[in-house]
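Enquirer: This is a predicted model, with the sequence first.
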Amino acid sequence: MCVLAAGGIAIDAVAAADWAQLPQLAGSSLVPLARLGMLVAVGAVLFKRGVITRATVDALSRLTVALLLPSFTATSILTQFRPQEAFYRGWYFLPLGAILMIASFAMLAYPIARYGRRWLEPRYTVATLSFHNAGYLAIPIVTELYARGPLAEHQGAMLALLFLFIMGISPLMWSLGVAAFREVPGPNGQVAWRHAISPPFVASVASVLACLLQIPQQVGPQTLVQILSPFTMLGACTVPLMMLILGATLVQLEHSYRPPARLAAMALSLRLVLFPALFFGLLSLLLHWGMLNRAKAIVLFIESAMPTAVAMTVIAHRYGSERAAQAASSLIFLQYVFAAGTLPIWLTIWGWVHGYDPG
């Protein structure tokens, strides 16, 4: 019944949408993605030309994870996240929502994984499909959507909400994701949890705790900006560097273990079409009933439309067999190829029906 109600409300919302605004909203969704796509293409070309090598990508990835992304995360949360304000009420729903989103998608993906068990063991397929890209693609998209015009004043707050979502997904990906691909169990899961406690995760948790203890609030806003300014400059490098790394990474993926056409079609349909459609209806229902504020709904919907995290290719190659790693990489590559078409459509539909104003 809830599914039918969600579908009915979503249809009503679409029917009530302003058709005259559709071209403008399509442009506001396509232009940010086009900018990011250009950076991804630049990264791919630089890798093909030998300007960026595998060693360079590895070094830049380490720099991003160890310094740039933690700086970006910490400065966004410390300057924006104020738990006592109405905008952030119920903030803990986002990390919990990330966990529920992964669990629900894994259950939906399992029948598809079982269908393709002759090609790849089901646990590999489920892991390859279930963990959303919450960083290398979602962060730049949110940054671009709120980069200009009247929405620009909300950019920091929306990024802070996105980082709260990432707090839920990162530990699961680096623990359960690793466990799914690991051929030989590690000693008491120590390796998995060591990766789960990554610098971006530590930066998120530490910054949230500082805000809960109202430590940043004890410093004047201008003083806080001055204190954090070196880290703000470092964080400003994060988004373009992420896109260059993503382009170079996608070019490197080997596709010798291509999935069967029917399996690929089912997996891509679930990941990029059916799951966002399901969440569109569910979030429309929650907004209609006043059970979820618009800002959290925007973050959750953007995440629901994401392809798999690129980090899953790293996990597959580091912990899985050669066959599992190549098969997972092939399926992830296909997701990004088709996401280039589905993401603009979903972002346009959400903007057309619900808008991106989080107020």
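Expert: Structure received.

Enquirer: CA atoms for contacts and neighbours, from now on please.
Expert: Noted.

Enquirer: Next, name the residue at the spatial heart of this structure.
Expert: A134 (1.9 Å; C-alpha atoms, centre = their mean).

Enquirer: can I assume it sits in a strand?
Expert: No. A134: not assigned to a strand; according to DSSP: H, G, I helix; E, B strand; the rest coil it is coil.

Enquirer: show me what contacts it?
Expert: When contacts are counted by C-alpha atoms under 8 Å, 6 or more residues apart in numbering, A134 touches L162, F165, I166, I169, E303, M306, A309.

Enquirer: from these, which is closest to R54?
Expert: A309 (19.0 Å; C-alpha to C-alpha).

Enquirer: Just the buried positions in stretch 93-111, please.
Expert: The neighbour-count check on stretch 93-111 (16 or more other C-alpha atoms under 10 Å) flags L94, P95, G97, A98, I99, M101, I102, F105, A106, L108, A109, Y110 as buried.

Enquirer: contacting residues for the last one?
Expert: Just to be clear, that refers to Y110. P122, V126.

Enquirer: one more time with 6 Å
Expert: Y110 makes contact with no residue under the criterion C-alpha atoms under 6 Å, 6 or more residues apart in numbering.

Enquirer: Let me know the helix or strand that it is in.
Expert: Using DSSP states H and E, Y110 sits in helix 93-115.

Enquirer: Look at Q80 and report its pLDDT.
Expert: Q80 carries a pLDDT value of 84.

Enquirer: Now do it against C211, distance only.
Expert: Separation of Q80 from C211 (C-alpha to C-alpha, to the nearest Å): 9 Å.

Enquirer: So what's the residue count around R114?
Expert: Neighbour count for R114, taken as other C-alpha atoms under 10 Å: 16.

Enquirer: any idea how far it is from A248?
Expert: 32 Å.

Enquirer: So, low pLDDT: which residues of the stretch 51-200 of the chain?
Expert: For the stretch 51-200 of the chain, applying pLDDT under 70 flags the ranges 136, 183-197.

Enquirer: Check the stretch 201-350 of the chain too.
Expert: 253-256.

Enquirer: now the helices for it?
Expert: 221-236, 238-252, 261-269, 275-288, 294-304, 311-319, 322-353 (DSSP state H, counting those that start in this stretch).

Enquirer: Need the residues that contact the fifth one.
Expert: What it means is helix 294-304. P276, P358.

Enquirer: so after the host helix or strand of G156, what's the next helix or strand?
Expert: According to DSSP H and E, G156 maps onto helix 155-172. Downstream of helix 155-172, the first helix or strand assigned by DSSP H and E is helix 178-181.

Enquirer: would you put the C-alpha positions of that following helix in PDB?
Expert: Coordinates of each C-alpha in helix 178-181 appear next as PDB, following Å, rounded to 0.1, in the frame of the first residue of the first chain:
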ATOM      1  CA  VAL A 178      36.100  -5.800   1.800                       C
ATOM      2  CA  ALA A 179      34.700  -8.900   3.400                       C
ATOM      3  CA  ALA A 180      32.600  -9.700   0.300                       C
ATOM      4  CA  PHE A 181      35.700  -9.800  -2.000                       C
END
